[in-house]
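Provide a 3D model corresponding to the input given below.
(chains A, B and C)
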Amino acid sequence: MKPPPFDHHAPETLEEALDVLARTGEDAKVLAGGQSLIPLLNMRLAAPAHLVDINRVTALDTLEATAEGVRVGALARHARVERSEEAAGVLPLLRAALRQVAHPVVRNRGTVVGSLAHADPAAELPAVLALCEGTVEAASAGGRRTIPAAEFFAGPLESSLRPGELATSAFFPAPPARSGTAFAEVARRHGDYAMAGAAALVTLDEDQRVSSAKVAYLSVAATPLVLDLTEPLGPRPPVTCDWAAAAAYARDRLDTDEDIHASADYRRHLAGVLTERTLRAAAQEAL
Amino acid sequence: MTFGEPIARREDPRLVTGQGRYVDDLGRDALAAAFVRSPHAHARITGIDVDDALDVDGLVAIYTWEDLDGRVGEPLPLLIPHPALTHGRTAHPLARDVVRHVGEAVVMVVARDRYLAEDAAERIRVTYEPLPPVVGVENAVNASCRVHDDVPGNVGAHLVQETGDVSAAIGAAPHVLEFRLDIERSASMPLEGRGVYARWDADDGSLRVYSSTQTSTSVRMAIAVKLGLPANKVEVIAPDVGGGFGVKIVHPWPEEVLVPWAARLLGREVKWTEDRREHFVSAAHERAQVHHVRVGFDDEGRLLGLDVRIQHDHGAYTPYGIIVPIITSTQLLGPYKPGAYRVEFTSLYTNTVIVTPYRGAGRPQGAFCMERTMDRIADELGLDRTAVREVNLIRPEEFPYDQGLIFQDGRPLIYDSGDYPEMLRRIKELIGWDGFAAFRAEAERAGRRVGIGLACYVEGTGVGPYEGGHVEIDSSGRVHVSTGLTSQGQGHQTVFAQVAAAELGVPIEDVTVTTGDTRRFGYAVGTFASRAAVMSGNAIALAARKVREKALRIAGEALEADPRDLEIVDGVVRVKGNAAASIPLRTVAVLSNPLRYAFDEAAQQATQFAVGGSPDDPPLTGEPGLEGRDYYSPPRSTFAYGMHAAIVETDPDTAEIRILRYAVLHDCGRLINPRIVEGQIHGGVAQGVGGALYERMVYDAEGQLLNASFMDFLMPYATEVPRIETGHMETASPLNPLGVKGAGEAGVIPGSAVIAAAIEDAEGIRITRMPISPSELYHLRLAAASGVAERTNRAGSASPS
Amino acid sequence: MTREISLNVNGVPRTASAEPRRLLSDFLRHDLGLTGTHVGCEHGVCGCCTVLFDGEPVRSCLMFAVTAAGHEVTTVEGLGADGGMSPVQRAFSECHGLQCGFCTPGFLCTVTALLRDNPRPSEDEVLEGISGNLCRCTGYQNIVKAVHRAADLIAEERTDR
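Numbering: from 1, shown residues only, chains lettered A, B, ... in the order given. Prediction:
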């Protein structure tokens, strides 16, 4: 299991990186943390002619937390974001989800934006971005654009980034006031990709009644799936909410697949259980 | 005395500082081999086109079956023939015309490094005509197609053993049950894969091979035969080996023949380091078996007749014979008296990776079978599960106990010693069996679902035919011990040193141990079947006793004392009760070798000493040197045993399964090093947990292995293995001088049995297949709710919902 | 295709030439001769190849040597000071935290960083900390013990100083 040959490019500035990407186009892959890409290369399941290694573009190693949300640069490692008290203060969900990303050693190297760009439907961060209605900032030699999460995840392992484009940062908006979030997943082993996972965002109105409830799922669809569960829940105070009904409502709207670890039915059942668990926890946090 | 002490391992300072030397750490300048392997489970090779590979920079050679000359092109040996194995078949080192499993080697590539070898391998185009694959026991039995054209029904072997009249016994029994039990495939999966590194010395006409093997002596013999070399021109060394667990006992692997062959042909060093994907699809698996049980018993649960029919999936070839189903057949009985017993197995070909022993080697399946049967009987009669076991246990006064069968070594299955009822009492105490009802009631009040299970096993260890040991004390007083069998992490350099130090009366610091190096010891069988401590431990003890005897004789002459009045303390021979009259062993070593030439100070002493009394006697008595060699060959195996108990919790919503407690009682006779024995048990239990809850080889109907990576073949991490509580008993074996029994495999054996029992107890639903995943448990619950899956009779009390 | 790659390994500047696709694990083992770092899966799951990269544990099979150029790498060979054993190495030996020794270098690097960042980890923190490293021999029981023991040894060293 040794990677096939490729031309290695090690730009030091964003401009250089975009220049190389413009020249190499579809034949290029961007290497950041490499925790998903390098296994594919080692197994020779991917064989890009060019590898654009952005690890020297230090300008992309950024993390900003403001009242509006958390902006993560393309070179910020999972571990850095996970440890950031500022980021956790703005969006606790981010830390909760990051703690479920593989194992600590992988998080030392893997990047948040890389994980988003990899667009694995079983990954945690795409679900979080989708739930928060975040965005990905893409740059190319031709300009920049901001891609909403709902458009960014195009299919399994497929983002809407175009050849020549580099995802330079991602923005995770802070939840509205009187909101709570929760994350839960069930994996075969600790640190494995989840058989199913859910991230919930519950917002209360001024009378402490549920005004909005959304759950984003991982491992249940080809892309991170967000369901709006406000209808079966609101507008009621959390103590009187019928969480099980919301879970049933969600289950009815999920079309799951089987793999060697979980049947389609079990996966849907699990998504239902996690819907209930995360909604309860998020509502609790919102109170 | 260090025998019996939990001393720290002597290999560790090297291994924790990165100074270990595993095969791939050697031969930095060697050429690298890679293989083109079959992507089909069953296909005829119609063409091999290497043209595109030829311009890969650094390519040295490409070989197909056509290129293999002499005996190298012949099928690999069938290592363990058996009269019941009527249709044994083995593979060619490179596929000749038909491939019979995904991963079978078709083309060998040699290049400057492994990257380039893979580049070339990727460009070689092999064309195939696909043939229908046989996957799984059911398909093999149906035999609508064949794995080997000349093997009707895909049946490689069929064996029946019977003691007593089972039909009559079951026919007359007041209670009869009949059911089916399944276990799926797992694998040894050492973290270091296989590896072979060969150096040909053209001037000397000799070959040195390093292999990550569990049997260097036998690899040597196999290579010598295949390459047409005298054995004394072949050296095989097992350096540090990164785990074996059974898979590395198979030999010669195709690569163990091909790599040395290519090294000789090319006149260059060649190395092959197996990668993980190769290990999944081209090494070996184990465990897959289907068991049909029919059992008759009395009102107290006493076995009257037991009839077991086994279907064993041995994969595409049978290089290692039918050891696994033979072991299941015989070891299934565990610590019990079965009444009349009949066991029949059919060993079947499938288009999958070969099946050879993985730690436990058929015993986990046997224990699963017997222990599930015990639980079933208890449930049927409404008795406590330990009470049913109790009435069936062999009593301490019944040893030696003859089970009336033939064991894997071809010898009678006679248990040598043990106290099973005492162990049952102690395991119940350790896990808190009698207090569990209260624990469960409390858990149920909190909405939690828990269950308890228990499983027993007996393990034949230390199978023959023999091992040897060599002990030599040099003129600096250092003791060099060697034995031919190999080490893969069992701490042999420590325990064998403990044995030698105790026998010789020397500080353990003075003892060094070499294993698995044919340059040091050429005769050996190998490391498997929990045999190293029993076989080499005793051989080394016997060799050390010879050396001791010789040392006392020579010292007696020097001290003018009767050897019977001498003792050895801290490396010094002295007259008992007169510490002043003494001579260090290093001086005895000098004296043992009367020299003509004084090349150093010690030798000078030897030429000056006039030992041997009368000038008319020859100066040398016997052989020179303070060394001895001896062998241990047991009449039959010695039987260790143990009992495990576990408490599990199942999540009522997610069906996740968590082991809350795991307790082990174990008796492997006298302990040489309790810490190392405990470590062996820990590792075995973790593999048992893996086999029960996580690990399985998933083949699709086309014979593709769907989870050939560590991402999807789920070996437990630290987060998946519970804390293991252990207790020991020490019933010495009467069969060998040290009174020891084997410990290597024990921990894994009852894993699936005990966890299945605990889950069944928690859920009140019968568990008949292992491993079990949360997804499967979820479906089992649905099936039970709709009446499809069977509930236990005590389901009401077992489950809160 | 090959290029000179320089990095600091175990405090020593090292240079060797390799292709850009050379994995850091292979570079350390085969180009620099530091074979203490082991390779168990080459897809980032087993953790045998874990080294410290600028002080943080990473999988060396999931990094190219060329990416590591100019950085600092510590391998198992560099954990002990002055050729001796580090407290973590001593603890693994004392507690029988290894059998075949193949996964051990990865554990040692991981645990060294874990205890640097968290000198008194709880049982759960230890399990989480080593959860990305597979061991097929020990069942992890004595590895967990060794982590706690190493924490003791490090604390003792601090007091002694």
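
Could you check how far the closest residue to chain C within chain B is from C:Thr75?
The nearest approach of chain B to chain C comes at B:Gly18, 2.1 Å away (C-beta to the nearest C-beta). Heads up, the C-betas are built off the backbone N, CA and C, glycines and all. Counting by C-beta to C-beta, to the nearest Å, the separation of B:Gly18 from C:Thr75 is 7 Å.

shared neighbours, the two?
C:Leu34, C:Gly36, C:Thr37, C:Pro105 (C-beta atoms under 8 Å, 6 or more residues apart in numbering or on different chains).

Counting only helices, which of those residues make the cut?
C:Pro105 (DSSP state H).

in chain C, which spans are strands?
Using DSSP state E, the strands of chain C run over C:3-9, C:12-18, C:50-53, C:56-59, C:72-74.

TSV for those, including mean pLDDT?
Below are the strands of chain C laid out as TSV (pLDDT from 0 to 100):
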stretch	mean pLDDT
strand C:3-9	97
strand C:12-18	98
strand C:50-53	98
strand C:56-59	98
strand C:72-74	98
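
Quick one: those strands as TSV, columns for mean neighbour count and distance to chain A too.
Shown next, in TSV, are the strands of chain C (neighbours: other C-beta atoms under 10 Å in any protein chain shown; distance: least, C-beta to the nearest C-beta, whole Å):
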stretch	mean neighbour count	distance to chain A
strand C:3-9	17	8
strand C:12-18	14	11
strand C:50-53	26	6
strand C:56-59	27	4
strand C:72-74	20	13
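
So A:Ala245 is in contact with A:Pro232, correct?
Yes. Counting by C-beta atoms under 8 Å, A:Ala245 sits close enough to A:Pro232 to count as a contact (5.2 Å).

Looking at the two, which has the bigger crowd around it?
A:Pro232 (20 against 13; other C-beta atoms under 10 Å in any protein chain shown).

For the more buried one, give its distance to A:Ala198.
15 Å.

Contact residues of the stretch 51-200 of chain A facing chain B?
Residues of the stretch 51-200 of chain A lying close to chain B (C-beta under 8 Å from any C-beta of the partner chain) are A:Val186, A:Arg188, A:Arg189, A:His190, A:Gly191, A:Asp192, A:Tyr193, A:Met195.

pLDDT score assigned to the nearest residue to B:Ile327 once chain neighbours are set aside?
Excluding its sequence neighbours, the residue lying closest to B:Ile327 (C-beta to C-beta, 6 or more residues apart in numbering or on different chains) is B:Gly362, at 3.6 Å. Here, the pLDDT recorded for B:Gly362 equals 97.

Tell me who's in contact with B:Gly362.
Neighbours of B:Gly362 in contact, by C-beta under 8 Å, 6+ apart: B:Glu286, B:Gln289, B:Ile323, B:Val324, B:Pro325, B:Ile326, B:Ile327, B:Thr328, B:Ser329, B:Gln331.

Buried members of these into ChimeraX, please.
Those of the contacts of B:Gly362 that count as buried under 16 or more other C-beta atoms under 10 Å in any protein chain shown are selected in ChimeraX with:
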select /B:286,289,323,324,325,326,327,328,329,331
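
how about the contacts of B:Gly362, which pair is most distant?
Pairwise distances across the contacts of B:Gly362 (C-beta to C-beta) peak at 15.3 Å, for the pair B:Glu286 and B:Ser329.

Could you give the average pLDDT over the biggest helix by length in chain A?
Counting residues, the longest helix found in chain A (DSSP H) is helix A:264-286. For helix A:264-286, the per-residue pLDDT values average out at 97.

residues in contact with the closest residue to chain C within the stretch 1-150 of chain A?
Closest to chain C within the stretch 1-150 of chain A is A:His103: 2.7 Å, counting by C-beta to the nearest C-beta. Counting by C-beta under 8 Å, 6+ apart, A:His103 touches A:Gly191, C:Gly47, C:Ser131, C:Gly132.

Cool, thanks, signing off.
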